[in-house]
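Colleague: Take this sequence and fold it.
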Amino acid sequence: MSSPELSQPALNRAMTEAVEFVHAEGWDARPTIFALVPTHLVADQLAAMEEETASPLTLIVQDNVPENIEPGSEELADYVSRLAWPREVAGAILAQEIKFRDTSSEDPSPRPARLYSGALREEGIETTLLQLRPTEEELEAAGPFAEDDIQLRGGPQVAPGVIAALRYGLNQDPDELD
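Modeller: A predicted model of the protein is given here:
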């Protein structure tokens, strides 16, 4: 039986925290990678956090994404797949801005969006979410707090290549790399 931090609900909660963090940074951002560490491993640093409100996983932002790597690029996929996470890292989340074409909408032209992909070491525990960037017309019609309304889409087999890159990095042994 897996531990509470290696569960779909734990990943879902971490994904929500990642969405809120990236959303607060605003649009036109660089890719963001989060390491997901079991909270009990960093409990001393988070002593102020009450146990009943603590997430099973804590997000740790990775600030080392090279400046020249663009969201949605082959270079980003290569970079993510080459990350070798220490065993203490239970999973990872990649947030990136992309162009999304919704073929089911009236206007199928590409639109800015954020893609959030997360995976845990435990096979099959993964999630991908999409947040469309609202147009000026949508923001104006929705009122003064429209920017704060985060609407997400998601489902199985969304961005399987990103999940595969994250999972590949999670399965690497950092001690075996040069």
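Colleague: Keeping just the C-alphas, turn the helix ranked longest in the chain into CSV.
Modeller: Counting residues, the longest helix found in the chain (DSSP state H) is helix 8-25. What follows is helix 8-25, C-alpha atoms only, in CSV (Å, rounded to 0.1, in the frame of the first residue of the first chain):
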residue,chain,number,x,y,z
GLN,A,8,-3.6,10.9,-6.6
PRO,A,9,-5.3,13.2,-4.0
ALA,A,10,-1.8,14.3,-2.8
LEU,A,11,-0.8,15.1,-6.4
ASN,A,12,-4.1,16.9,-7.0
ARG,A,13,-3.5,19.1,-4.0
ALA,A,14,0.0,19.8,-5.1
MET,A,15,-1.2,20.7,-8.6
THR,A,16,-3.7,23.2,-7.1
GLU,A,17,-0.9,24.8,-5.1
ALA,A,18,1.3,25.0,-8.3
VAL,A,19,-1.6,26.5,-10.3
GLU,A,20,-2.1,29.2,-7.6
PHE,A,21,1.6,29.9,-7.3
VAL,A,22,2.1,30.3,-11.1
HIS,A,23,-1.1,32.2,-11.5
ALA,A,24,0.0,34.7,-8.9
GLU,A,25,3.2,35.3,-11.0
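Colleague: buried stuff in it?
Modeller: Across helix 8-25, burial judged by 16 or more other Cβ atoms under 10 Å covers 10-11, 14-15, 17-19, 22-23. Where you see a C-beta, it was placed from the backbone N, CA and C, and this is true even at glycine.
Colleague: swap in stretch 32-46?
Modeller: Those would be 32-39, for stretch 32-46 by 16+ other Cβ under 10 Å.
Colleague: Could you export it as CSV, CA atoms only?
Modeller: Extracted in CSV, the C-alpha atoms of stretch 32-46 (Å, rounded to 0.1, in the frame of the first residue of the first chain):
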residue,chain,number,x,y,z
THR,A,32,8.5,26.6,-13.8
ILE,A,33,9.5,23.2,-12.4
PHE,A,34,8.5,22.1,-8.9
ALA,A,35,10.0,19.2,-7.0
LEU,A,36,7.4,17.5,-4.8
VAL,A,37,8.9,16.5,-1.5
PRO,A,38,7.0,14.7,1.3
THR,A,39,6.1,17.3,3.8
HIS,A,40,7.4,15.2,6.8
LEU,A,41,10.9,15.6,5.3
VAL,A,42,10.8,19.3,5.6
ALA,A,43,8.6,19.6,8.7
ASP,A,44,11.3,21.4,10.7
GLN,A,45,11.4,24.2,8.1
LEU,A,46,7.6,24.3,8.1
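Colleague: Counting neighbours, what do you get for the spatially closest residue to Ala159 that is not a sequence neighbour?
Modeller: In space, and not counting its chain neighbours, Ala159 is closest to Thr128: 4.7 Å by Cβ to Cβ, 6 or more residues apart in numbering. When neighbours are counted by other Cβ atoms under 10 Å, Thr128 registers 22.
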